[in-house]
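Novice: Here is the input, now give the coordinates:
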Amino acid sequence: MLKLLTRFLLSFILFLSLQGYAAAQLFEGDAGGGDAYVNEYTATGQPIATPDISVGYAAGDLEGIAISGNDLFTADRYSGTVGEYNWTTGQAINSSFISLPFAGSFGITVSNNILYVTNNGTLYAFSISGTPTALWTDYIGASGGVAVSGSNVFAITNEDGIGEYNALTGAVESANLVTGLYDTFGLTVSGNDLYTSSYGGGTVSEFTTSGQTVNATLISGIPDGANGLAVGGNMLYVADIDQVQEYNATTGSYVRTINSGMEQANSVAFVAPEPSTWTLLWSGLSLLTFWRLRTRRTVS
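Specialist: Below you'll find the predicted structure:
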């Protein structure tokens, strides 16, 4: 009886633990058509809301998106502004959350209440715990993607390399961490791995966060030009103009194409919510019940 109950409880805990992944969501920034907008999908590519959020940019101007909590941040290539939206409701919070001095905002990411955005060849860091406050800037050359790992921020430099900077101070850790890239815009990080996308080459490359090459052509033959990147679990999502392509992040093997009326997909973001309060509560109760049964058997 105890063995049967133990198996049941362990199966139940495993089921609950998977609920967080089941709720994972993929966001795709579409710059085509009339106004730019952001679409929302499940982790397996099923549309949740299409379009989800209209960001009011002219066609071709939405370059980057980032998620932090319930907030969606957008980068406008033409005006240089960063917009803020509630992705759960689709409503604008402040469409001009940050106004940068020049046109040309591209890569954007958020970590620990600091927003990083590339604009006209410069990497900016803003504290967003309240009113946006500029923290530091670094000139990096032509703008591209940006990603944060631990205490470091990585950015595409001059479309042909990756620079590494201290995430809090902007101090240059390595201006040429990776060199020799081609027509590169997309950048994302997962653990100790950096992934870059070459629009002109139609490829995705993999490097360590120390700058070593893992696989220069992890993915090749992306049909319409690789742009924005995002990692979710062991899956790599690549914005590919008319669709988002999904690949295995370890092997580079093709998984599926996500396409639901996209016109100019150039940015992606992946969100894996933490387990809900109910999930944590039931998991805790299950573990407590299991422990008490084990203790009762030991005593008897």
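Novice: need the contact list for Ser111.
Specialist: The contact partners of Ser111, taken as CB atoms under 8 Å, 6 or more residues apart in numbering, are Val148, Val153, Ala167. For every residue, glycine as well, the C-beta is placed using N, CA and C.
Novice: Mark out where each domain of this protein begins and ends.
Specialist: The record's domain parsing of the chain by automatic domain parsing lists 1-23+276-300, 24-272.
Novice: Would you mind finding the most buried of the ones you listed?
Specialist: domain 24-272 (a mean of 19; mean count of other CB atoms under 10 Å).
Novice: Quote the end-to-end distance of stretch 150-163.
Specialist: 15 Å (CA to CA, to the nearest Å).
Novice: roughly how far is that stretch from the heart of the chain?
Specialist: 15 Å (CA atoms, centre = their mean, to the nearest Å).
Novice: follow-up on the earlier one: of the contacts of Ser111, closest to Asp193?
Specialist: Val148 (13.8 Å; CB to CB).
Novice: Could you verify that that closest one is part of a strand?
Specialist: Yes - Val148 forms part of a strand when assessed by DSSP: H, G, I helix; E, B strand; the rest coil.
Novice: so what's it up against?
Specialist: By CB under 8 Å, 6+ apart, the contact list for Val148 reads Thr109, Ser111, Tyr116, Phe154, Ala167, Val189.
Novice: Between the two ends of stretch 124-140, what distance do you get?
Specialist: End to end - CA to CA - stretch 124-140 spans 10 Å.
Novice: ugh, typo on my part, it should be stretch 187-205
Specialist: Stretch 187-205 has an end-to-end distance of 10 Å (criterion: CA to CA).
Novice: what mean pLDDT does that stretch have?
Specialist: What stretch 187-205 shows for mean pLDDT is 96.
Novice: Could I get the full set of helices for the stretch 201-300 of the chain?
Specialist: Secondary structure of the stretch 201-300 of the chain (DSSP state H, counting those that start in this stretch): helices at 277-299.
Novice: Where does pLDDT dip in it?
Specialist: Across the stretch 201-300 of the chain, the ranges flagged by pLDDT under 70 are 273-300.
Novice: one more time with 90
Specialist: 223-225, 241-242, 259-264, 266, 272-300 (pLDDT under 90).
Novice: list the contacts for the nearest residue to Thr203 once chain neighbours are set aside?
Specialist: The shortest distance from Thr203 to any non-neighbouring residue, by CB to CB, 6 or more residues apart in numbering, is to Ser220 (4.8 Å). For Ser220, the contacting residues are Gly201, Gly202, Thr203, by CB under 8 Å, 6+ apart.
Novice: Would you check how far apart the second one and Ser267 are?
Specialist: Relative to Ser267, Gly202 is positioned 17 Å away (CB to CB, to the nearest Å).
Novice: Thought Thr209 was touching Ser149, still the case?
Specialist: Yes - counting by CB atoms under 8 Å, Ser149 does reach Thr209; the two are 5.5 Å apart.
Novice: shared neighbours of the two, which are they?
Specialist: Overlap of the contact sets of Ser149 and Thr209 (by CB under 8 Å, 6+ apart) consists of Val189, Asn192, Leu194.
Novice: so what secondary structure elements neighbour the host helix or strand of the first one?
Specialist: Here Val189 sits within strand 184-190, counting by DSSP states H and E. Helices and strands touching strand 184-190, by 3 or more CB pairs under 8 Å, 6 or more residues apart in numbering; DSSP states H and E, are strand 105-111, strand 146-149, strand 152-157, strand 193-198, strand 229-232, strand 235-240.
Novice: Can you give me the end-to-end span of stretch 74-87?
Specialist: Distance between the two ends of stretch 74-87: 11 Å, counting by CA to CA.
Novice: swap in stretch 44-61?
Specialist: Note: stretch 44-61 ends 27 Å apart using CA to CA.
Novice: mean confidence score for it?
Specialist: The average pLDDT within stretch 44-61 is 73.
Novice: So that it lines up with my notes, have the first residue be 576 from now on.
Specialist: In the new count, where the first residue is 576, that last one comes out as stretch 619-636.
Novice: I figured Ser772 hits Ala801, correct?
Specialist: Yes - assessed by CB under 8 Å, Ser772 is found in contact with Ala801 at 3.6 Å.
Novice: intersection of neighbour lists for those two?
Specialist: Common neighbours of Ser772 and Ala801, counting by CB under 8 Å, 6+ apart, are Gly761, Thr778, Val779, Val813.
Novice: distance between stretch 731-750 and the chain's centre?
Specialist: Distance of stretch 731-750 from its chain centroid, counting by CA atoms, centre = their mean, is 19 Å.
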